[in-house]
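**Q** quick one: sequence and predicted model below, then my questions.
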Amino acid sequence: MFTPQEMFSAFWVDCHRPFFQGKKIVVGITGSIAAFKAIDVIRGLKKCGAEVQAVVTPAGLKFVTEVTLAGLTGCPVVTSLWKSSAGSATQMNHIDLARWADLFVIIPATANSIAQLAQGRAPNVLMTEVLATRCPVVVCPAMNPAMWLHPATQANVTLLRSRGVTVLDAGTGTTACGDEGQGRLLEPWVIISELTQFFVMRSERPKKVLVSLGPTRSRLDPVRILTNRSSGKMGIAMVYALYKKGYDVTAVVGAVNGVQFPSEIRQISAPDTSLMAQVISEEIKQVDVFVSTAAVLDLEFSETFDRKLKKSHRIDVKFKPTVDILKSLGEQKLKSNKKFPLLVGFAAETEDFTNNARKKLIEKNLDAVFVNSVAGSDSGFEVDTNAGAWITPTTQEDMPRAEKSIIAEQLVQRIGALGA
Ligand SMILES: Cc1cc2nc3c(=O)[nH]c(=O)nc-3n(C[C@H](O)[C@H](O)[C@H](O)COP(=O)(O)O)c2cc1C
């Protein structure tokens with residue numbers, strides 16, 4: 001996720017906090033018209049619990065003020081080799097932040113600063129800090145498309161990447177100067193999303209997980225669809241929690257708008273039930289675990305129409321059952337004599353939760369089910385919190401109400417305990 005409106009939502013913060021909580025991040029700002037976007041990145045990181053300090057080039061100070069940055073970071077801003085913003089030079093002003101940082105991000109990075117970094121030049125405090133740091137360095141370029149495509153800039157970017165610096169691609173669109181093309185600074189929520197990769201637990205042979213999420217939909221005519229109230233939030237929280245734990249995640253995203261996971265997560269869009277079934281039957285061959293959080297429609301329109309139906313016709317609309325994706329996988333698992341992925345289901349119930357969930361577990365031959373109530377207003381669809389029970393063939397455990405991101409972490413632990 002997430003779209004601009006959602007960037008600072010409580011749910012967005014819940015999903016990103018586990019990556020950034022307590023992490024020390026230096027944001028270096030250079031002299032680009034896009035420097036204002038660094039402010040939102042700092043705000044977002046702070047909301048997620050990171051400690052942030054800013055270091056700015058002299059040209060950067062033409063675009064953002066020291067007062068704004070000090071106010072947002074809660075720290076003095078480093079602007080000069082010869083003095084801190086408190087007024088006096090510290091003993092090692094030029095490398096203090098380099099030693100402090102867990103991650104060093106230059107937002108935005110001008111063509112000039114990229115060139116300086118590639119050449120190892122240090123004419124200002126940002127460049128001395130970035131040369132002196134041993135932590136990962138991320139460069140977020142921003143410039144006119146011609147400057148970005150210039151062979152000198154491209155050669156500098158290639159050189160930096162070959163040395164292990166993460167240079168994010170410049171975005172495409174209209175730049176501040178009015179030119180069209182590649183060169184824009186990525187949006188703040190995309191930058192934050194990409195920074196998560198530095199705080200993921202890495203294992204040499206990560207297990208592969210497939211997660212389905214969101215509702216599916218059935219199209220009646222060009223105007224009308226059938227869908228359900230699932231927001232996809234539980235699945236989104238599962239994707240982030242699995243990714244954080246070091247799993248290799250593929251997300252099959254149903255009919256949810258605006259979901260954009262970090263680029264290390266494979267994301268496949270499948271808004272229609274039949275497409276979701278097709279994608280899952282293909283992807284399941286590659287994975288160790290399938291986590292089915294999607295609220296797949298169990299009925300769809302028997303017939304679809306190319307033209308908008310008139311009111312009178314709508315009364316005759318008929319439905320047919322959809323393919324039960326999880327059940328057919330459970331049947332395959334039963335017949336299979338090879339190792340089959342773990343199957344984890346989600347059940348949304350309004351009554352008799354655990355009995356209904358256990359029935360689903362047995363009927364569909366699943367390894368575990370998380371059942372949650374969709375009857376109340378503080379769990380299940382749309383809201384940021386959830387509560388329920390974790391059910392396996394031999395166990396049953398209540399999981400009290402908590403943020404979906406916390407429930408997701410607890411579920412990931414339990415999935416791990418099943419041997420995944
Ligand atoms: C209004 C304005 C906007 C600018 N925007 C950019 C930009 O987006 N990207 C860039 O590479 N240079 C841009 N420049 C040029 C840089 O500010 C200039 O190369 C400067 O020397 C960069 O210094 P620094 O890299 O030390 O911050 C801009 C200059 C002006 C006057």
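**A** All right, it came through fine.
**Q** leaving out the residues flanking it, which one is nearest to Asp324?
**A** Once flanking residues are discounted, Asp324 sits nearest to Asp298: 7.3 Å by Cβ to Cβ, 6 or more residues apart in numbering. (C-beta placed from N, C-alpha, C; glycine too.)
**Q** residues in contact with the one you found?
**A** 321-322, 324 (Cβ atoms under 8 Å, 6 or more residues apart in numbering).
**Q** which one of those residues is nearest Ala109?
**A** Nearest to Ala109 among the contacts of Asp298: Thr322, at 48.6 Å, using Cβ to Cβ.
**Q** name all residues that make contact with the closest one.
**A** Neighbouring residues of Thr322 by Cβ under 8 Å, 6+ apart: 216, 218, 273-274, 277, 296-300.
**Q** so where's the stretch 251-400 of the chain uncertain?
**A** 313-315, 375-380 (pLDDT under 70).
**Q** now secondary structure and distance to Val412 too, for the contacts of Thr322, in CSV please.
**A** CSV is the format used below for the contacts of Thr322 (DSSP: H, G, I helix; E, B strand; the rest coil; distance: Cβ to Cβ, whole Å):
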residue, secondary structure, distance to Val412
Thr216, coil, 24
Ser218, strand, 31
Thr273, helix, 27
Ser274, helix, 29
Ala277, helix, 25
Val296, coil, 22
Leu297, coil, 27
Asp298, coil, 27
Leu299, strand, 32
Glu300, strand, 32
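**Q** which one (most neighbours) among these?
**A** Compared across the contacts of Thr322, Thr216 has the highest neighbour count, 27 neighbours, by other Cβ atoms under 10 Å.
**Q** need the contact list for that residue.
**A** Thr216 touches 227, 254-255, 270-273, 276, 294-297, 322, counting by Cβ under 8 Å, 6+ apart.
**Q** which residues of this protein lie near the ligand?
**A** When proximity is defined as Cβ under 6 Å from any ligand atom, the chain approaches the ligand at 30-34, 57, 59-60, 110-113, 124, 142-143, 147.
**Q** just the ones of these in helices?
**A** Mapping those onto helices (DSSP state H) picks out 111-113, 147.
**Q** quick one: stretch 41-58 to chain centroid distance?
**A** 19 Å (Cα atoms, centre = their mean, to the nearest Å).
**Q** what about it, start to end distance?
**A** Stretch 41-58 has an end-to-end distance of 20 Å (criterion: Cα to Cα, to the nearest Å).
**Q** show me the two of the contacts of Thr322 that sit farthest apart.
**A** Ala277 and Leu299, at 14.5 Å, using Cβ to Cβ across these.
**Q** kindly report which residue of this protein is located farthest from the centre.
**A** Going by Cα atoms, centre = their mean, the residue of the chain most distant from its centre is Ser312, 44.6 Å out.
**Q** what packs against the longest helix anywhere in the chain?
**A** The residue-count maximum for a helix in the chain (DSSP H) belongs to helix 404-417. Counting contacts by 3 or more Cβ pairs under 8 Å, 6 or more residues apart in numbering; DSSP states H and E, helix 404-417 is packed against helix 10-20, helix 233-244, strand 342-349, strand 368-373, strand 385-391, strand 396-403.
**Q** try 6 Å this time
**A** helix 233-244, strand 385-391 (3 or more Cβ pairs under 6 Å, 6 or more residues apart in numbering; DSSP states H and E).
**Q** Arg17 is nearest to which of those?
**A** Across the helices and strands packed on helix 404-417, Arg17 has its closest neighbour in helix 233-244 (9.9 Å, Cβ to Cβ).
**Q** the next helix or strand after that closest one pairs with which strands?
**A** Downstream of helix 233-244, the first helix or strand assigned by DSSP states H and E is strand 248-253. Strand 248-253 pairs in its sheet with strand 208-213 (parallel), strand 266-269 (parallel), by DSSP bridges.
**Q** tell me the most buried of these?
**A** Between these, strand 208-213 has the highest mean count of neighbours, a mean of 25, where neighbours are mean count of other Cβ atoms under 10 Å.
**Q** sheet partners, orientation included, of the very next helix or strand once past that one?
**A** Counting by DSSP H and E, the element after strand 208-213 in chain order, helix or strand, is strand 218-219. In the sheet, strand 218-219 lines up against strand 225-226 (antiparallel) (DSSP bridges).
**Q** now the partner strand: how far from the chain's centre is it?
**A** 27 Å.
**Q** which residue lies nearest the spatial centre of the protein?
**A** Short answer for the chain (Cα atoms, centre = their mean): Phe261, at 3.4 Å.
**Q** do you know which of the strands paired with strand 248-253 lies nearest Leu343?
**A** That would be, of the strands paired with strand 248-253 and by Cβ to Cβ, strand 208-213, which comes in at 10.3 Å.
**Q** what is the mean pLDDT for that closest one?
**A** Averaged across strand 208-213, pLDDT comes to 98.
**Q** could you give the angle of it to helix 404-417?
**A** Put simply, strand 208-213 runs at 140 degrees to helix 404-417, going by axes from the mean of the first three to the mean of the last three Cα atoms, to 10 degrees.
**Q** can you show me the CA trace of strand 208-213 as PDB?
**A** What follows is strand 208-213, C-alpha atoms only, in PDB (Å, rounded to 0.1, in the frame of the first residue of the first chain):
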ATOM      1  CA  LYS A 208       8.000 -19.200  -0.100                       C
ATOM      2  CA  VAL A 209       4.500 -18.100   0.800                       C
ATOM      3  CA  LEU A 210       1.600 -17.300  -1.400                       C
ATOM      4  CA  VAL A 211      -1.000 -15.000   0.200                       C
ATOM      5  CA  SER A 212      -4.400 -14.200  -1.400                       C
ATOM      6  CA  LEU A 213      -6.200 -11.100  -0.100                       C
END
